[in-house]
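> sequence? don't have it. structure:
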């Protein structure tokens, strides 16, 4: 046989009729569904019921395109890459935050139902239909966190109103750094950045975080970016960034929604805990009430083997303790809680040993 005379293999009929091909054909079967789409024109809000024919494997973004082309020509929504990279198409499907380009109809249409409710990601900050105002989310990152390397010609001081260095000093800094050390010594450890660098700024963790709604909290994504610059040796504002974490991140309610809902599978909650552990270990702000509260919890468990609320309250802040005292008295009178109950704790030495071991692991 002539080696130069090569022929392409032919595909047989048995190769085409594979189980995968059959299942794909079944998934492509179209059905009629009803979308309850949130609409807002700048003044009035309403829901529009739209019937559309779609396949189970269709993405919600493809369905939106079909709705806009056939039924609602003025339907407004945001999208860009269509591959789950830009993060601009975040919406809510039956109150579940998702990326429209990655959400498949088969995953959210319950058996026996044909209705889906579509809402904007941030219902209180809607500009039009499914398009939301993201200025608060952007501000939490750009203004509060300052997501850029701050290096003032080798100085270890970071002014409160720090601004990015100009191009010329930045070029001088890079030249001096790379002349003094190898690239591997300068760049941060990739293992420390594996849950921070993949953020696509979709805002899902921010707009679903209860701490953002209730109080002063920059959000999980901003906290993850803050952690990213605390482990970068090129940044000279480690202490200031850690103080910022101590001021803001204690408001985290540990609901784990940012871990559950992140479309990229990141875990910003654990970066928040890393920052708080570092702030607690370094004792950067001894007058912080949140830091005093954490110390009170640790000391109470170490001394008595249990959590003593009176001790923790007094250790946190005497003013906070006096302010919450009426609420505590009402709870005691109603029988909801007994502050003065004394429980015998066995194996206090084992508890203290575990606390010491945990402190060593954090260090």
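Ah, there it is. Remember, it's a predicted structure, so these values are computed and weren't measured experimentally.
> alpha carbons only for contacts and neighbour counts from here, please
Will do.
> give the next helix or strand downstream of whichever helix or strand residue 62 is part of.
In the assignment (DSSP states H and E), residue 62 maps to helix 60-70. Per DSSP H and E, the first helix or strand lying C-terminal to helix 60-70 is strand 90-93.
> can you name the residues in contact with that next one?
Identification of contacts with strand 90-93 by C-alpha atoms under 8 Å, 6 or more residues apart in numbering yields 97-100, 108, 116-121, 130, 202-204.
> now do stretch 212-221
Contacts of stretch 212-221 (C-alpha under 8 Å, 6+ apart): 140-141, 144, 199, 201, 203, 205-206, 209, 211, 248-249, 251-252, 258, 268-269, 272.
> mind splitting the protein into its structural domains?
The chain is divided into the following domains under automatic domain parsing: 22-132, 135-282, 289-362.
> the helix holding residue 62 - what's its average pLDDT?
For helix 60-70, the mean pLDDT works out to 95.
> what's near enough to touch residue 140?
218-219, 222.
> buried among these? Make that a ChimeraX selection.
This is the ChimeraX syntax for the buried subset of the contacts of residue 140, where burial follows 16 or more other C-alpha atoms under 10 Å:
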select :218,219,222
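> can you put the contacts of residue 140 in JSON lines and add pLDDT?
Putting the contacts of residue 140 into JSON lines (pLDDT from 0 to 100) gives the following:
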{"residue": "218", "pLDDT": "92"}
{"residue": "219", "pLDDT": "92"}
{"residue": "222", "pLDDT": "93"}
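> show me what contacts residue 304?
By C-alpha under 8 Å, 6+ apart, the neighbours of residue 304 are 345, 348.
> separation between it and residue 352?
Look at residue 304 and residue 352: by C-alpha to C-alpha, to the nearest Å, they are 10 Å apart.
> need the contacts of residue 140 in JSON lines (columns: secondary structure and distance to residue 84).
As requested, the contacts of residue 140 are exported to JSON lines (DSSP: H, G, I helix; E, B strand; the rest coil; distance: C-alpha to C-alpha, whole Å):
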{"residue": "218", "secondary structure": "coil", "distance to residue 84": "24"}
{"residue": "219", "secondary structure": "coil", "distance to residue 84": "21"}
{"residue": "222", "secondary structure": "helix", "distance to residue 84": "20"}
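> run a quick neighbour tally on residue 256.
For residue 256, the neighbour count with other C-alpha atoms under 10 Å is 16.
> quick check on it: phi, psi?
phi 70, psi 20 (degrees, to the nearest 10).
> nearest spatial neighbour of it, skipping sequence neighbours?
residue 269 (6.6 Å; C-alpha to C-alpha, 6 or more residues apart in numbering).
> which among the contacts of stretch 212-221 end up buried?
Buried among the contacts of stretch 212-221 (16+ other C-alpha under 10 Å): 140-141, 199, 201, 203, 205-206, 209, 211, 248-249, 251-252, 258, 268-269, 272.
> how many other residues sit next to the closest residue to residue 121 other than its chain neighbours?
Nearest non-adjacent residue to residue 121, counting by C-alpha to C-alpha, 6+ apart: residue 91, 4.5 Å away. Neighbourhood size, residue 91 [other C-alpha under 10 Å]: 28.
> beta partners for residue 91?
residue 98, residue 120 (DSSP bridges).
> what about stretch 224-244, average pLDDT?
pLDDT averaged over stretch 224-244 gives 87.
> among the contacts of strand 90-93, the buried ones, what's the PyMOL command?
Applying 16+ other C-alpha under 10 Å to the contacts of strand 90-93, the buried members can be selected in PyMOL as follows:
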select buried, resi 97+98+99+100+116+117+118+119+120+121+130+202+203+204
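> of the contacts of strand 90-93, closest to residue 329?
residue 204 (39.8 Å; C-alpha to C-alpha).
> how about that closest one: what's its closest non-neighbour residue?
residue 97 (6.3 Å).
> from residue 132, how far off is that neighbour?
As defined by C-alpha to C-alpha, residue 97 lies at a distance of 13 Å from residue 132.
> which neighbours do the two share?
residue 121.
> doesn't residue 117 belong to a strand?
Yes - counting by DSSP: H, G, I helix; E, B strand; the rest coil, residue 117 is found in a strand.
> that one and residue 39 touch, don't they?
No - contact criterion C-alpha atoms under 8 Å: residue 117 and residue 39 do not qualify, at 11.6 Å.
> circling back to that earlier point, by contact count, what packs against the helix holding residue 62?
strand 45-54 (3 or more C-alpha pairs under 8 Å, 6 or more residues apart in numbering; DSSP states H and E).
> about what we covered before: least confident of the contacts of strand 90-93?
residue 108 (91).
> wait, what's in contact with it?
With C-alpha under 8 Å, 6+ apart, residue 108 has these contacts: 93, 116.
> let's see it at 6 Å
Not one residue lies near residue 108 by C-alpha atoms under 6 Å, 6 or more residues apart in numbering.
> for the one 4 residues further on, same thing?
Contacts of residue 112 were listed using C-alpha under 6 Å, 6+ apart, and none were found.
> that one and residue 33, how far apart?
11 Å.
> and if you look at residue 86?
Taking C-alpha to C-alpha, one finds residue 86 at 28 Å from residue 33.
> what's the answer for residue 210, then?
32 Å.
> over to residue 329?
The value you get for residue 329 to residue 33, if C-alpha to C-alpha is used, is 56 Å.
> looking at these two, which is more packed in?
residue 33 (18 against 14).
> bridge partners for the more buried one, pull those for me.
residue 52.
> my guess is it contacts residue 113. True?
No - counting by C-alpha atoms under 6 Å, residue 33 stays clear of residue 113, with 8.5 Å between them.
> what's the local residue count around residue 32?
12.
> that one contacts residue 53, correct?
Yes - shown here, residue 32 and residue 53 form a contact pair, counting by C-alpha under 6 Å, at 4.3 Å.
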